[in-house]
Each structure stands twice: as C-alpha cells, then as structure tokens.
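[1] Next comes the sequence, and after it the predicted model I'd like to discuss.
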Amino acid sequence: MKINLLLLSTLFFNLSILNAQQADSVKNNEPLNAVNSIVYADDSSKKLTIGAYGQIEFSQQFADTARHNALIDVHRIVMFMGYKFNSRTHFVIEIEFEHVNEAAVEQAFLNYKLARWIDVRAGLMLIPMGIINEYHEPTTFNGSIRPSLDNKIVPTTWREIGAGFTGKTDKVSLKYQLYAVNGFNGYDVGGKFKGDDGLRGGRQKGIKSYMTSPDISAKLDYFGIAGLKLGAAGYFGESESKLFEGLWKEDTLNIKEAKADSSVIGITMLGFDARYEWNGIEARAQYIMANLSNTPAYNKFSKKDSLTGLGSSMSGYYIEAGYNVLKLCKNTKNKLVIFARYENYNTHASVESGTKQNDEYNRTDITVGAGFKVADGAIFKADYQQLTNAMDGSKPKNMFNMGIGIWF
C-alpha cells in the first residue's frame with residue numbers, strides 16, 4: 001500500500017501521572033508516555049514518582065468447526081518509577097510482569113539534560129519505531145490487543161541497551177531521537193529469525209546482551225498542528241552473532257569467518273506514523289517496511305526450510321478511525337470510542353533464492369470494537385476480529401476479545 005495512506009492519522013490520547021504534565025501535553029500537542037511524563041515533568045519539588053499500567057484480557061475464537069477454549073490472561077502489569085536527582089538528571093525504570101509468572105525490565109535509563117533542546121540518554125531503551133513500541137500503555141490505543149503489525153514486524157516491545165541523544169524544540173514543534181544500540185541476536189547456537197515473525201526472536205531485551213558492532217536507531221516527530229502528530233523513524237545495522245567471539249585466535253580464520261558472516265543479516269527498517277483527533281473523531285495510520293540482506297546465506301546456514309525461512313523484505317500498514325459518541329453529551333467527561341481498523345502485514349513481502357514466498361505470512365486483520373474510558377487512566381474494551389491470510393483454501397479466524405486497561 002502506498003505511503004499516502006499515512007495521511008489518515010490520529011491523536012495519541014495523553015494520560016499523565018501529574019496534572020501539570022497533562023496540561024502541558026495538551027498545550028504543546030506533544031505526546032507523552034509513562035516514562036517521558038516523568039522526564040519532562042515541570043514539578044521541580046517531586047523527587048520520586050511511582051506509577052503503573054496494565055491490561056487483563058479475555059479472548060475467544062468462535063464460528064469454527066472445532067471448539068475453542070477462551071483464553072483469560074493477566075497479560076501484563078508494569079510498575080514504573082522515576083527519580084529526579086536534580087533538575088537535569090533523571091533515572092527511570094519499568095518492571096513488567098507478563099502472564100503473572102514472567103518478569104522483565106522493560107526500560108532502565110539515565111537521562112541528563114545538556115541544554116534546553118538536547119538530552120543525553122543511556123541504558124535499556126525502547127527503539128523508537130512506529131506508535132505502539134513507545135506508546136503502548138493500554139489506555140492509549142484502541143482494541144483489547146495491540147495491532148499485529150506491532151508484533152510481527154516492528155517487533156513490540158522492542159528495547160535494547162545503548163546511548164544517544166534526544167530532545168525537542170517547541171518553537172518548531174519537533175522531537176528527535178538518535179541512539180546507538182546493540183542489534184538483534186541473530187545466531188546463538190542456532191538461527192533466531194524465521195519467516196513467521198521475522199526479527200522478533202532475536203530481541204535481546206538487555207538480558208546479557210552482546211554486540212559485534214552497534215546499530216543506529218533514529219526518529220523525528222512533528223506536533224505543530226493542533227490534534228496532529230507525525231513520525232518518521234529509521235533503524236540501520238546488522239544482526240549480532242556469537243560466532244564472531246574469539247574468531248581472531250583461530251588458525252582456521254577464513255573458514256570460521258565465512259561461517260560467522262553467513263550467520264548475520266543486514267537490516268534497514270523505515271517507519272511512518274500519523275495520529276489525529278478533532279471534535280470526537282480519531283484516526284491513526286502506520287506503515288513499516290524492512291529490507292533484510294544476506295538472507296539466502298542465513299537461511300541455508302541456520303537450516304531453515306524453503307517455506308519457513310526468513311524473507312528478504314517485510315512490510316505492513318494499518319489505518320484506523322474512531323468516534324467518541326459521548327462527545328454528543330455535554331454532562332460527561334467519559335469517552336465511548338467506536339472504532340474500526342484495517343491491517344495488512346507480510347513477513348514474506350519478498351524472498352530470495354532458496355526460499356519460497358509463503359502466502360500464509362501475508363495476513364489481513366479487520367478489527368471493530370469500542371473502548372469505554374470511565375476515567376483518565378481506566379478503560380473497558382471489547383472488539384471483534386477477523387484474521388485471514390492469502391494462502392489458498394485458508395479460512396478466516398474469528399475472535400471476540402474483551403479487556404480492561406489502567407494507567408496511573
């Protein structure tokens with residue numbers, strides 16, 4: 001789909017843990033997530049900030065020839081804390097509990113403000129790609145479940161260890177991010193990438209991460225028109241491989257180096273996103289594309305078969321529109337947003353020799369539903385999804401989802 005689909009856009013609905021932050025985000029039309037609401041807070045007297053967000057979900061497949069049990073899950077509860085050492089220096093951490101029994105650190109970084117328009121940031125950070133990877137608090141997006149594009153291609157939640165610069169200037173309404181980070185773990189005993197979900201299996205997440213050479217992540221956001229937010233992101237580099245460890249000591253350098261080179265892919269990922277809100281109307285759109293080099297050698301070396309091997313490019317987009325029907329009521333601050341989203345994503349957008357294009361990986365999701373925001377930071381959700389793919393003879397998968405989301 002052509003990138004001009006991205007002209008359909010939406011507002012990222014801001015929720016902040018401080019009233020002063022909420023007012024500032026509205027005034028500047030600048031999106032804030034849980035972490036950045038701490039870093040960019042104006043309250044100089046508050047040293048420690050504690051908050052949380054989370055979602056609980058119910059999913060039921062139906063209209064099939066077989067019976068399916070419903071899945072009920074405390075999908076995630078995330079606790080976040082921020083400490084202000086002084087007006088320039090912040091430390092922020094997010095600790096995530098998934099499915100009750102899995103714990104992980106989602107972010108942990110030190111932020112130092114060099115000047116009004118530039119900060120130095122280092123630690124475990126979210127890669128700024130698309131919308132959901134940075135703004136994934138459940139009260140900020142429609143639907144009980146995140147868009148599949150932000151699972152199969154981006155892949156959310158994508159965070160790595162690195163350092164770089166970020167900042168914003170209100171005069172021209174621009175925010176920028178530029179980081180050097182460790183890349184994906186592409187090969188560790190075996191290959192981590194596959195056709196179904198692309199790069200997702202290679203996320204290192206700050207867990208004893210290793211790096212052969214740094215990758216570059218960058219994003220530029222514009223928020224100068226009331227209700228409109230635009231973003232453009234890029235990610236450039238190569239995957240990491242443990243086969244490079246100790247390579248210089250080996251007598252059989254050329255053979256081992258050839259093997260190591262076969263275990264690495266080059267990655268160029270570009271993303272464009274837009275969000276808009278006006279008079280109860282909400283819209284958003286996103287387009288992501290990724291070109292992957294050296295995939296024939298990688299698939300052969302990691303023994304991927306011809307249908308499940310890694311593709312040489314991935315791409316996807318979604319467009320979404322919604323309306324707050326309670327906008328017609330003057331005596332309530334609650335929101336009831338009815339929405340629809342069309343999503344297409346293909347992890348085998350193109351393939352090279354040795355791999356066959358698998359139409360099962362060319363997928364389309366249609367989601368319609370509603371979200372009832374009963375307070376800033378509390379929402380009930382329900383939606384219906386039809387999930388299809390382009391493979392001949394495949395049948396649609398129908399899903400009914402419900403959930404609650406909180407952020408405080």
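    That came through fine.
[2] Show me what the host helix or strand of residue 340 is packed against.
    With secondary structure defined by DSSP states H and E, residue 340 is part of strand 335-350. Helices and strands touching strand 335-350, by 3 or more C-beta pairs under 8 Å, 6 or more residues apart in numbering; DSSP states H and E, are helix 149-152, strand 281-293, strand 313-324, strand 362-375. In this view, the C-beta of every residue, glycine as well, is placed from N, C-alpha and C.
[3] which parts of the helix or strand just after the second one are buried?
    Translated: strand 281-293. Going down the chain from strand 281-293, the next helix or strand is helix 295-301, by DSSP H and E. Neighbour-count burial for helix 295-301, counted by 16 or more other C-beta atoms under 10 Å, picks out 295-299, 301.
[4] swap in stretch 301-312?
    301-302, 304, 308-312.
[5] Make CSV out of these and add pLDDT and distance to residue 113.
    Below are those laid out as CSV (pLDDT from 0 to 100; distance: C-beta to C-beta, whole Å):
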residue, pLDDT, distance to residue 113
301, 96, 45
302, 95, 44
304, 94, 46
308, 96, 47
309, 97, 46
310, 98, 41
311, 98, 42
312, 98, 42
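[6] So what's the gap between the helix or strand residue 105 falls within and the chain middle?
    Following DSSP H and E, one finds residue 105 within strand 102-115. Distance of strand 102-115 from the chain centroid (C-alpha atoms, centre = their mean, to the nearest Å) equals 16 Å.
[7] Tell me the strands beside it, with direction?
    Paired with strand 102-115 in the same sheet, following DSSP bridges, are strand 89-98 (antiparallel), strand 118-126 (antiparallel).
[8] The longest one: how far from the chain's middle?
    Right, strand 89-98. Using C-alpha atoms, centre = their mean, the offset of strand 89-98 from its chain centre is 17 Å.
[9] Next, the buried residues of that strand.
    Using 16+ other C-beta under 10 Å as the test for burial, strand 89-98 gives 90-98.
[10] Stretch 212-223 now?
    Buried-residue list, stretch 212-223, by 16+ other C-beta under 10 Å: 212, 214-215, 217-219, 221-223.
[11] With stretch 399-407 instead?
    399-407.
[12] now that stretch: mean pLDDT?
    Regarding stretch 399-407, the rounded mean pLDDT is 98.
[13] again, but for stretch 172-189
    97.
[14] ditto for stretch 381-390
    Here the average pLDDT along stretch 381-390 is 98.
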